[in-house]
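Student: Output the structure for:
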Amino acid sequence: MDQQARQAAESLLQSSSQNVQSPPLEICNINTIPSLHPDYIISEDLLAGQRANGRMSNVRRFFCLFVTFDLLLTGLMWLICVMLKGENIMKALNEQIYHYNIHTSLFDVVLAAVCRFVVLLLFYAIIYMNHWFIISVSTTLTCMFLIAKVFVYDWLHSAQPVFEVLLVLTSFVLSWGEAWFLDFRVLPQESHARRFLITNTDSERAPLIRSYVHGLPSLYTESVGNFYSPLASPEGSMYGFNSAPVLGRYPPVQLTREQEENYKTLAARTMQEAWDLLLKKEWKLEKASDCDLVHTISVPKLGKIFKLTAYLDVTPKFLLDELFYRVETLAQWNPTLLESHKVQVIDEHTDISYQIGADGAAGVVTSRDFVNLRHWDFIEGRYIIACVGTDHPSLPKSDKYIRGENRPGCWAMQEDPNNPNKCIFQWVLNTNLNGWIPQYIRDTAFVGMMLDYSKHLKQHIAKLRENGRL
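Tutor: You can find the predicted model right below:
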C-alpha cells in the first residue's frame, strides 16, 4: 500500500511539473544547478559593493566623499556666519579662533566636523573597517556635543541666529546621515558582494570550474530523497539516491543560515588576502633543494610568511582533487600529519577540516592541531585553495594538543606552460603555532617541513602513477 502511494505521489508530481510554464530542468545536485542569466543576478547594488582588484568599493568611496562633503559644507556655513557679522575677516577669525569662547564662537562645530572626517576616513578608508562601532561612537559624541552647545551658546547676543541655528542643525543631520549610509548601504552591499563572490560561480571562468566539479565524485551532495521515508525507491524513480558517505570521525552539525553566511564571508576574505600574499613582489629566496624553492617575506603584524614553489608531474585539476576532495587521505602519504578529517561541508567549494600535525624539529616543536576553513576557486589560470583557521562546535580545544592558528594562506596550482600535463605548485604558509618557540627553530622547522612536504607529495604522485590512477 505504501509502495502504491509513493508511485501515485511521484506520478502526480511529474504531471504537475509538466504543467508549469518554465524551461525544462534536469534533476540536479548542488554541482549542476543551472545558472541564472547574469542580468537577473548582477544588480547595481552588487557592483557598487564589490572590491575590484582590491580597490575600494564604489559605495564606500561615495561614503568617503560624503564625509568630505560634511566637512566642507560645515566649514562653508561657518564662514558665511562669520562674514554676515559685517566685521573684517581677520578680526572675525581672530575672535572665533584665537580668542575662542564656547559661548560666542561656533568654530568648535567645525572642529567636530574635522574630527569626524579624520576618524571616519582613518577607520573606513585606510584601515577598511567593516563594522559600525566607530561611526556609532562618532555620531553619539557629535550629538552630545551639539545638544550641549545649544544650551551654552549665547543666542540672545547673536547677530545672525538663523544661520547659526542652520549650522548646528546641518552638522547634526549630516552626522546621522553618515551613520545611516554606512550601516544601511555600505556594509550590507559589501557583505552581499562578498557572499556573491563565494556562492555564485557564473563568471567568465564558471564553465571550466563547473564542468570539473561536476566530474568529481560528490562527497556531500544530498538528493531530495533524503527527506522522504526510507522505503526502497521504485526502479527508475526520480527520487532514487545513494546514501552520502560519512565524512569522518567528527560529526558535522546543523548550521544556522547566519553561521553559513559567516563562514562564506570569511572564506571570501581569506581568498582575497591569500591571493594578495601570493602575488607580492617582495618574496626573498630562503632555501633551494633540487627544483624546490622556499621563499620568505616579512609582513607587519603577521611576521614571517613562507612560500614553497615546486614542479609536479601531474595536472592542476588532479592535484586539486587530491588536496581538497581527498582530505581524509592526506595523512596516509604525508608523515608530517597524524590525522586529517573533513568535518563540515559548507558548499561545493567550501568546507571545514581538522588536522593534527606530527612533532617537528626533532621533537622540539610538539604536535599541534588545526581547524581550517578551506575554499577553492579558479583565478587567472590557477586553482587556488585558500585556508584560514576557524572554530567549529564539534572541535573544542583539547588538553592533548596545542591549538595552532592558520592565518590566510593558500595552495596554488597552475599548468606548466612547457607541459600541459605538469603543474607549478605553490604553497603560502602563514601559521601561528602558539606557545613559545625560538624564532630560529620555528623558521628552520617550517622550511624543512615544506621541503619534506614537496618530497612526500612527489612520492605520492609517483605511487599513484604506478597504481594506474594517473
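Student: Show me where this protein has its strands.
Tutor: With strands called from DSSP state E, the chain shows them at 284-289, 292-299, 303-312, 337-347, 350-357, 368-379, 382-389, 402-403, 405-406, 409-416, 419-429, 431-432.
Student: Same list (those) but as CSV, adding mean pLDDT, distance to S105 and mean neighbour count.
Tutor: Backbone N, C-alpha and C define where each C-beta goes, glycine included. Listed next are the strands of the chain as CSV, based on pLDDT from 0 to 100; distance: least, C-beta to C-beta, whole Å; neighbours: other C-beta atoms under 10 Å:
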stretch, mean pLDDT, distance to S105, mean neighbour count
strand 284-289, 91, 56, 13
strand 292-299, 92, 47, 18
strand 303-312, 93, 49, 20
strand 337-347, 90, 57, 20
strand 350-357, 91, 57, 23
strand 368-379, 92, 54, 22
strand 382-389, 94, 52, 23
strand 402-403, 88, 57, 16
strand 405-406, 89, 52, 18
strand 409-416, 94, 55, 21
strand 419-429, 92, 56, 18
strand 431-432, 86, 52, 18
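Student: Any idea how far apart the tips of stretch 299-308 sit?
Tutor: This stretch, stretch 299-308, spans 17 Å end to end (C-alpha to C-alpha, to the nearest Å).
Student: Run the chain-centre distance for that stretch.
Tutor: Relative to its chain's centre, stretch 299-308 lies at 19 Å (C-alpha atoms, centre = their mean, to the nearest Å).
Student: Also stretch 142-158?
Tutor: Relative to the chain's own centre, stretch 142-158 is displaced by 45 Å; criterion: C-alpha atoms, centre = their mean.
Student: again with stretch 398-409
Tutor: Computed by C-alpha atoms, centre = their mean, the chain-centroid distance of stretch 398-409 equals 20 Å.
Student: who's in contact with that stretch?
Tutor: Residues external to stretch 398-409 that are found in contact with it (C-beta atoms under 8 Å, 6 or more residues apart in numbering): 269-270, 273-274, 277, 302, 305, 356-357, 366-372, 386-389, 397, 427-435.
Student: same question, stretch 144-159
Tutor: With C-beta under 8 Å, 6+ apart, stretch 144-159 has contacts from 84-86, 102-104, 106, 108-109, 112, 161, 164, 168, 171-172.
Student: 7 Å instead?
Tutor: 84-85, 102-104, 109, 112, 161, 164, 168, 171-172 (C-beta atoms under 7 Å, 6 or more residues apart in numbering).
Student: same question, stretch 410-418
Tutor: Against stretch 410-418 from outside (C-beta under 7 Å, 6+ apart): 274, 278, 311, 316, 319-320, 323, 381-387, 422-428.
Student: out of the strands of the chain, which comes closest to L330?
Tutor: For L330, the closest of the strands of the chain is strand 337-347, at 4.1 Å, according to C-beta to C-beta.
Student: That closest one pairs with which strands, and in what direction?
Tutor: Taking DSSP bridges as the criterion, strand 337-347 sits next to strand 350-357 (antiparallel) in its sheet.
Student: ok, back up a step: emit the PyMOL select command for whichever of the contacts of stretch 144-159 are buried.
Tutor: The buried residues among the contacts of stretch 144-159 can be selected in PyMOL (16 or more other C-beta atoms under 10 Å) with this line:
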select buried, resi 109+112+164+168+171+172
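Student: check contacts around the spatially most central residue of the chain.
Tutor: Nearest to the geometric centre of the chain sits R269, at 2.0 Å (C-alpha atoms, centre = their mean). Applying C-beta under 7 Å, 6+ apart to R269 gives the contacts R194.
Student: Sweet, I'm off.
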